[in-house]
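**Q** Everything below, folded, please.
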Amino acid sequence: MNQSISADPQVDERAVHWDPYNTKYFANPYPVFRRLREEAPIYRNDEFDFYALSRYADCVSILENRDDFISSKGGVLEVMKTETPIPSGMLIFEDPPYHTIHRKLFSRIFSPKRVRALEPQIREFCAKALDPLVGGNEIDFIEHLGSEMPMRVIGMLLGIPDEHLKPLQRIVDDNMRTEPGKPQEKPGHGMTGEAYTDFIDSRIANPSDDLMSDLIRAEYEAPDGEIRRLTRAELMTMVALIFGAGNETTNRLIGWSGKLLSEYPDQRRAICEDMSLIPDAIEEILRYESPGLYIGRTTVRDVEFHGVTVPAGNPVLALVGSANRDEEKFSDGEVFNIRRARHPHLTFGIGFHNCLGNVLARIEGRIALEEVLKRFPEWEVDLGRARMSSTATVRGWETLPAYV
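**A** Predicted structure coming up:
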């Protein structure tokens with residue numbers, strides 16, 4: 001059924017309504033997601049001119065179909081609607097052949113083996129963040145850990161000196177920040193990576209043993225058969241993507257870990273008694289509170305869902321935050337349960353566009369939770385002082401203080 005909307009969602013509670021900028025939905029999107037799955041599995045928002053799919057199977061069907069749904073118009077609604085130019089190297093917003101080429105190149109450099117070798121350094125960064133708090137009565141999961149450890153890990157990987165990490169992190173935050181209830185004013189700002197120019201030029205002149213230098217040295221076969229290297233502009237874009245994504249996802253994961261395991265202390269105690277539960281706990285946290293609520297695609301031809309035709313050239317949002325709770329896929333999907341049977345969630349996407357940083361995010365999330373529990377087996381989040389981030393793209397916490 002095609003749904004219309006009213007300007008104020010409180011005016012007519014009978015008509016299901018969702019938009020990514022409404023602060024009410026941002027704080028708790030799950031009641032309306034359930035209604036979308038039940039009442040409007042293909043949903044039309046006239047105000048912001050997009051369609052949305054909320055069921056697991058439908059989301060998978062568009063994320064795995066690169067013929068009918070393209071990425072090169074962007075994956076964020078503001079970028080898609082404003083037709084913001086996508087720079088080469090922004091591989092999450094690319095289609096073949098260059099998505100295939102850039103992804104293969106990056107996968108070769110950013111291998112799971114390389115990521116797993118980082119575990120000692122990740123633990124060291126966690127220890128440096130947490131040890132000063134031992135003996136006190138409070139921890140802020142974002143200020144003390146979420147905004148620190150992932151930033152330092154990705155900075156070390158790229159070879160960016162410590163003193164530059166915080167200023168770069170502020171640039172990422174500023175580029176994503178929105179005024180509550182409104183779209184981004186400058187969608188896509190920062191994708192071209194001007195903030196990383198000096199670091200790239202330094203590595204071009206003086207290569208080192210880091211990810212940035214490997215990207216500079218890497219060769220690939222272009223569609224015309226010529227062997228090439230990434231251009232300086234492509235390097236800037238790719239480094240901006242890596243630094244931004246490397247900061248955001250794990251930061252949000254750490255915040256949701258703190259909140260959920262405060263709300264479910266019995267499950268936290270079970271983990272303390274059996275640390276082997278942590279990988280499953282991380283997967284359940286990622287499923288239950290996906291940092292990104294949707295992944296956008298653009299139709300290249302008319303497509304039909306549930307009797308509704310979506311015309312060519314329209315943005316379609318795969319609501320992965322809804323799909324991850326779809327009870328057709330996840331039994332008791334609205335229930336947080338670290339012991340649930342494992343089924344693939346869509347937090348990192350699926351198929352040829354699944355997140356290349358998912359291995360790193362999972363390892364960081366696991367180690368962060370292990371190191372927190374070693375020092376603070378009990379905590380209670382102070383939601384009265386907690387504050388959600390002001391962004392419509394990645395959902396999580398700006399501050400999350402807890403008593404320990």
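**Q** for this structure, what spans make up the strands?
**A** Assigned strands in the chain, in chain order: 42-45, 50-53, 69-70, 138-140, 219-221, 227-229, 295-299, 303-305, 308-310, 315-318, 380-381, 387-388, 397-399, 401-403 (criterion: DSSP state E).
**Q** Identify whichever of the ones you listed lies nearest to residue 98.
**A** Between residue 98 and these, the shortest separation by C-beta to C-beta is 9.7 Å, and it involves strand 219-221. Using the backbone N, CA and C atoms, a C-beta is placed for each residue, glycine as well.
**Q** Give me the helices and strands touching that closest one, please.
**A** Applying 3 or more C-beta pairs under 8 Å, 6 or more residues apart in numbering; DSSP states H and E, one finds that strand 219-221 makes contact with helix 98-109, strand 227-229.
**Q** got the buried residues for the top helix by length along the chain?
**A** Looking across the chain with DSSP state H, the single longest helix is helix 232-263. By neighbour count, with 16 or more other C-beta atoms under 10 Å as the criterion, the buried positions of helix 232-263 are 234-262.
**Q** pLDDT at the closest residue to residue 95 other than its chain neighbours, what is it?
**A** The shortest distance from residue 95 to any residue other than its chain neighbours is 4.6 Å, reached at residue 72 (C-beta to C-beta, 6 or more residues apart in numbering). On the pLDDT scale, residue 72 is placed at 95.
**Q** Give me the neighbour count for residue 72.
**A** The local packing of residue 72 (other C-beta atoms under 10 Å) involves 16 other residues.
**Q** re earlier: using TSV, please lay out the helices and strands packed on strand 219-221 together with mean neighbour count.
**A** TSV is the format used below for the helices and strands packed on strand 219-221 (neighbours: other C-beta atoms under 10 Å):
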stretch	mean neighbour count
helix 98-109	17
strand 227-229	12
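**Q** and residue 183, which of those is closest to it?
**A** Go through those one by one with C-beta to C-beta and the one that ends up closest to residue 183 is helix 98-109, at 25.6 Å.
**Q** Which elements pack onto the closest one?
**A** The contact analysis (3+ C-beta pairs under 8 Å, 6+ apart) places helix 98-109 against helix 211-217, strand 219-221.
**Q** So which of those has the densest surroundings on average?
**A** Most buried of the helices and strands packed on helix 98-109, by mean neighbour count (mean count of other C-beta atoms under 10 Å): helix 211-217, with a mean of 20.
**Q** Okay, now the unreliable bits of this structure?
**A** Applying pLDDT under 70 to the chain flags residues 1-13.
**Q** in terms of contact, does residue 322 touch residue 54 like I think?
**A** Yes: with contacts defined as C-beta atoms under 8 Å, residue 322 counts as touching residue 54 at a distance of 4.1 Å.
**Q** Distance to residue 355 for the strands of the chain - can I get that in JSON lines?
**A** Putting the strands of the chain into JSON lines (distance: least, C-beta to C-beta, whole Å) gives the following:
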{"stretch": "strand 42-45", "distance to residue 355": "25"}
{"stretch": "strand 50-53", "distance to residue 355": "19"}
{"stretch": "strand 69-70", "distance to residue 355": "17"}
{"stretch": "strand 138-140", "distance to residue 355": "26"}
{"stretch": "strand 219-221", "distance to residue 355": "21"}
{"stretch": "strand 227-229", "distance to residue 355": "25"}
{"stretch": "strand 295-299", "distance to residue 355": "10"}
{"stretch": "strand 303-305", "distance to residue 355": "24"}
{"stretch": "strand 308-310", "distance to residue 355": "25"}
{"stretch": "strand 315-318", "distance to residue 355": "14"}
{"stretch": "strand 380-381", "distance to residue 355": "27"}
{"stretch": "strand 387-388", "distance to residue 355": "22"}
{"stretch": "strand 397-399", "distance to residue 355": "20"}
{"stretch": "strand 401-403", "distance to residue 355": "28"}
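**Q** related to what we said a few turns ago, just how off-centre is the longest helix of the chain within its chain?
**A** Taking C-alpha atoms, centre = their mean, to the nearest Å, the mean C-alpha location of helix 232-263 is offset from the chain mean by 7 Å.
**Q** Residue 184 against residue 77, yeah?
**A** No: Residue 184 is not in contact with residue 77 according to C-beta under 8 Å; the separation is 9.1 Å.
**Q** Give me the more crowded residue out of those two.
**A** Neighbours around residue 184 and residue 77, counted as other C-beta under 10 Å, are more numerous at residue 77. The numbers are 25 against 22.
**Q** Please list all residues in contact with that one.
**A** In this structure, residue 77 makes contact with 20, 48, 50, 183, 294, 296, 315, 317, 392, judged by C-beta atoms under 8 Å, 6 or more residues apart in numbering.
**Q** How about the contacts made by the second one?
**A** Think residue 48. Under the criterion of C-beta under 8 Å, 6+ apart, the contact partners of residue 48 comprise 19-21, 77, 81, 183.
**Q** Swap in 6 Å and give it another go.
**A** Listed by C-beta atoms under 6 Å, 6 or more residues apart in numbering, the contact set of residue 48 reads residue 19.
**Q** How much space separates it from residue 220?
**A** Taking C-beta to C-beta, to the nearest Å as the measure, residue 48 falls 37 Å from residue 220.
**Q** Also residue 396?
**A** For residue 396, the distance to residue 220 under the criterion C-beta to C-beta works out to 34 Å.
**Q** what's the answer for residue 19, then?
**A** Residue 19 sits at a distance of 40 Å from residue 220 (criterion: C-beta to C-beta).
**Q** Residue 43 is in contact with residue 52, isn't it?
**A** Yes: distance between residue 43 and residue 52: 4.5 Å, which falls inside the contact criterion (C-beta atoms under 6 Å).
**Q** thinking again about what came up before, quick one, the longest helix of the chain and helix 98-109 angle?
**A** On the basis of axes from the mean of the first three to the mean of the last three C-alpha atoms, to 10 degrees, helix 232-263 is oriented at 70 degrees to helix 98-109.
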